[in-house]
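this is a predicted model, with the sequence first.
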Amino acid sequence: DAMVIQNPRYQVTQFGKPVTLSCSQTLNHNVMYWYQQKSSQAPKLLFHYYDKDFNNEADTPDNFQSRRPNTSFCFLDIRSPGLGDAAMYLCATSRDLARADQPQHFGDGTRLSIL
Amino acid sequence: AQKITQTQPGMFVQEKEAVTLDCTYDTSDPSYGLFWYKQPSSGEMIFLIYQGSYDQQNATEGRYSLNFQKARKSANLVISASQLGDSAMYFCAMREGGGGYQKVTFGTGTKLQVIP
């Protein structure tokens, strides 16, 4: 009964070759998030969508873009991956944006490797 | 200043024993939520337990309980009767609730290893 689904679980790409990671949700949540998590570190928020409104974190590199064509799907595009972009990428959802009592529901993550 | 501090990078516990993972937080917002997540080596983040700033009682979910001490700004996770499957990374997180959107802040995590 997976509710936040990320594909693929593992992705290998070449240095500089664009790559897209996907996330879908069956929770009908308004908010979808993308996090980057490097080894032994806390997840770092890249951006989020509230419905169709896109919000970029100030320190998210321009190399990272996102699309949300509908409520259920959200994509992370990395235009020219560098070696430093190798990480686990986590998608999460929450029902609302500003409620303090809303937990985030995470997918299983996509582990991205750069050759 | 760090909003969430987890001072234990790693912890060991004997199977069937209880263990406490520490978390302290810093906020001036009267409305906030505290969360604990478990991340096994496979990578998924699993929501464990939630405590609201206005909750009078400590949260409990099965073998997980949250020792919430508001005056000390601490929200420690207690796992009772540890199992081998509890070996994982544990993250404490906070979302502040006032004034519109507030992102979730994660601590640096504690790696728990359960010993048979």
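Yep, that arrived. Numbers count the residues shown, from 1 in each chain, chains lettered A, B, ... in the order given.

and stretch B:102-116, what's buried?
Going by neighbour count (16 or more other CB atoms under 10 Å in any protein chain shown), the buried part of stretch B:102-116 is B:102, B:104-112, B:114. Any C-beta I mention is one placed from the backbone N, CA and C, and that applies to glycine too.

could I have the CA atoms of that stretch written out in PDB?
Presented in PDB, the C-alpha positions along stretch B:102-116 are these (Å, rounded to 0.1, in the frame of the first residue of the first chain):
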ATOM      1  CA  GLN B 102       7.600  27.000   7.800                       C
ATOM      2  CA  LYS B 103       9.800  24.200   6.500                       C
ATOM      3  CA  VAL B 104      10.700  21.200   8.500                       C
ATOM      4  CA  THR B 105      14.100  21.300  10.100                       C
ATOM      5  CA  PHE B 106      15.900  18.000  10.700                       C
ATOM      6  CA  GLY B 107      18.600  17.200  13.200                       C
ATOM      7  CA  THR B 108      21.800  15.400  12.100                       C
ATOM      8  CA  GLY B 109      20.500  12.100  13.200                       C
ATOM      9  CA  THR B 110      21.500   9.300  15.600                       C
ATOM     10  CA  LYS B 111      22.600   5.900  14.300                       C
ATOM     11  CA  LEU B 112      21.200   3.200  16.600                       C
ATOM     12  CA  GLN B 113      22.600  -0.300  16.500                       C
ATOM     13  CA  VAL B 114      20.800  -3.100  18.400                       C
ATOM     14  CA  ILE B 115      23.100  -5.900  19.500                       C
ATOM     15  CA  PRO B 116      21.800  -9.400  19.800                       C
END
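
off-centre distance for it?
Relative to its chain's centre, stretch B:102-116 lies at 7 Å (CA atoms, centre = their mean, to the nearest Å).

before we move on, what about stretch A:71-91?
With CA atoms, centre = their mean as the basis, stretch A:71-91 stands 6 Å off its chain's centre.

so which of the buried residues of stretch B:102-116 sit within strands?
B:104-106, B:110-112, B:114 (DSSP state E).

could you pick out which of the residues you listed are near chain A?
When contact is defined as CB under 8 Å from any CB of the partner chain, these meet chain A at B:104, B:106.

up against chain A, what does chain B have?
Applying CB under 8 Å from any CB, we find that chain B lies next to chain A at B:31-33, B:35, B:37, B:42-47, B:50, B:52-53, B:91, B:95-97, B:100-104, B:106-109.

which ones among those map onto strands?
Of the positions in the residues of chain B next to chain A, B:32-33, B:35, B:37, B:46-47, B:50, B:52, B:91, B:95-96, B:104, B:106 sit in strands, assigned by DSSP E.

ok, of the residues you listed, which come out buried?
Among these, those classed as buried by 16+ other CB under 10 Å are B:32-33, B:35, B:37, B:47, B:50, B:91, B:95-96, B:104, B:106.

wait, which of the residues you listed is closest to A:His105?
B:Phe47 (6.6 Å; CB to CB).

nearest residue to the closest one in space, please, no chain neighbours.
Distance criterion CB to CB, 6 or more residues apart in numbering or on different chains; nearest residue to B:Phe47, sequence neighbours excluded, is A:Pro103 at 4.7 Å.
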